[in-house]
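>>> my questions concern the predicted model and sequence given below.
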Amino acid sequence: MHREAVGARSTMFLMRFFELSSHPEIAVPRDLRTRSLPFLLLLVLCWSDVVLARAVEQPFGQGVLWKVEEPNSDAAPNYVFGTIHVTDRRVLNLPMEVRKAFAHARAAIFEIRQSGNDAAVMRSIMMLDEDKSLSDYLTRDQLRLLGKAAELYGFEERDLQRLKPWGVYLLLSAPPSEDARQRQGRKILDFAMQTRARDFGLPVYGLETLEEQMALFDGMPDSDQVAVLDSTLQQLEQAESLYENMLQLYLAGDISGIFAMISDSPGAPDAEALASFLDSLLDQRNLNMVDRMQEHLQEGGAFVAIGALHLPGELGVLNLLQSKGYRLTRVY
């Protein structure tokens, strides 16, 4: 993925966050231990045929809660809920339809099941080797922007220097308002729902492992890691407005609208590279998620909560489920 593919005419969309544990025995950079780590959270969408194809007349492009039933089965209905991985109260205040479906569930299934070992796994993956620093990868202008970002978010720049470029990209991709709420201990929607599921006595399952998700970023070439970080640094001033626009689309259930949301910065994107990135970030994961949720859906009474951008499209989770013979009904 070249810089043009991730930075030109692009909007960084909040996709999902992963919460770093604050266990004192975990050795992570000072002042990062109490933060929530944005996790696979920014989908790079460029003005290209790739995005136009996804944004126009997407199957299941409207709605965030769907009933999923297996015809000719006595099993209880399942529900698939599209989440947005933020702490905003407007999102945490779930619609009544979602609360009812969740309260009657037999099991709760999420993208990732939280574990007390997550912070240690994160640290082992996102830290640079001891003989390297972030400065080895960035230009003078990028380092200047990094210093401004560190001041804006309250990070120690020397701590950021210990992280791989994609790790810094993830830390900075949440707007300052969201970052501040996480510092206060607020949970993102997905993890607040996991806590609620356990309070209900529901078994909680994950569709992916932390290592699988981290590999999507850690496997990127250094040049691509720097490109996504540079794009984030360049758009820091627009982070809050982009966040609010995206949030309004989500609250309206307009998931196709999130795909169509783009910035007006000039440049010609690399459509082939973008298609490859989207294939790894969404399409292939959608196929895996659908396969892994089958046993839960067949038992019935499953409540599946995954990022909303996984729902629509020809290779979206909902269309894949329909192709397997499930009957889908929009609830909200």
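Received the coordinates, thanks. Numbering: from 1, shown residues only.
>>> what number of residues lie near Arg181?
18 (other CB atoms under 10 Å). Where C-beta positions appear, they are placed from N, C-alpha and C, glycine not excepted.
>>> what helix or strand does it sit in?
Applying DSSP states H and E as the criterion places Arg181 in helix 176-183.
>>> in that helix, what's buried?
176, 178-179, 181-182 (16 or more other CB atoms under 10 Å).
>>> how about those residues in TSV, adding pLDDT and distance to Pro71?
Shown next, in TSV, are these (pLDDT from 0 to 100; distance: CB to CB, whole Å):
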residue	pLDDT	distance to Pro71
Pro176	90	48
Glu178	89	41
Asp179	85	46
Arg181	89	43
Gln182	81	42
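>>> what about the strands in the chain?
Here the chain has its strands, by DSSP state E, at 10-14, 17-19, 36-38, 42-46, 65-69, 78-83, 107-110, 204-206, 302-307, 327-330.
>>> same question for the fourth one, mean pLDDT?
So the one you mean is strand 42-46. The average pLDDT for strand 42-46 rounds to 35.
>>> got the CA coordinates for the helix holding Arg181 in CSV?
Presented in CSV, the C-alpha positions along helix 176-183 are these (Å, rounded to 0.1, in the frame of the first residue of the first chain):
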residue,chain,number,x,y,z
PRO,A,176,-8.7,13.9,21.7
SER,A,177,-12.2,13.9,23.2
GLU,A,178,-12.5,10.1,22.8
ASP,A,179,-9.0,9.6,24.2
ALA,A,180,-9.8,11.7,27.2
ARG,A,181,-12.9,9.6,28.0
GLN,A,182,-10.9,6.5,27.8
ARG,A,183,-8.3,8.0,30.2
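>>> so how far is it off the chain centroid?
16 Å (CA atoms, centre = their mean, to the nearest Å).
>>> just checking, what packs against that helix?
helix 140-153, helix 239-251 (3 or more CB pairs under 8 Å, 6 or more residues apart in numbering; DSSP states H and E).
>>> the helices in the stretch 201-332 of the chain, which residues?
In the stretch 201-332 of the chain, the segments counted as helices under DSSP state H, counting those that start in this stretch are 210-218, 222-234, 239-251, 255-260, 271-278, 284-299, 317-323.
>>> can you flag the weakest of those helices by average pLDDT?
The stretch with the lowest average pLDDT out of these is helix 271-278, scoring a mean of 57.
>>> between the buried residues of helix 176-183, which is nearest Met96?
Minimum distance to Met96 across the buried residues of helix 176-183 is 24.1 Å, recorded for Arg181 (CB to CB).
>>> who touches that closest one in this structure?
87-88 (CB atoms under 8 Å, 6 or more residues apart in numbering).
>>> could you do Met293 as well?
Contacts of Met293 (CB under 8 Å, 6+ apart): 109, 207, 302, 304.
>>> where's it relative to Asp159, distance?
Between Met293 and Asp159 the computed distance is 38 Å (CB to CB, to the nearest Å).
>>> surely Val290 is in contact with Val317?
Yes. Counting by CB atoms under 8 Å, Val290 does reach Val317; the two are 5.8 Å apart.
>>> okay, those two: which has more neighbours?
A count of neighbours by other CB under 10 Å puts Val317 above the other of Val290 and Val317, at 28 against 23.
>>> quick one: residues contacting that one.
Each residue near Val317 by CB under 8 Å, 6+ apart is listed here: 80, 286, 289-290, 306, 310-311.
>>> tabulate those (JSON lines), appending distance to Asp131.
What follows is those, written out as JSON lines (distance: CB to CB, whole Å):
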{"residue": "Val80", "distance to Asp131": "46"}
{"residue": "Asn286", "distance to Asp131": "39"}
{"residue": "Met289", "distance to Asp131": "38"}
{"residue": "Val290", "distance to Asp131": "43"}
{"residue": "Ile306", "distance to Asp131": "39"}
{"residue": "His310", "distance to Asp131": "39"}
{"residue": "Leu311", "distance to Asp131": "44"}
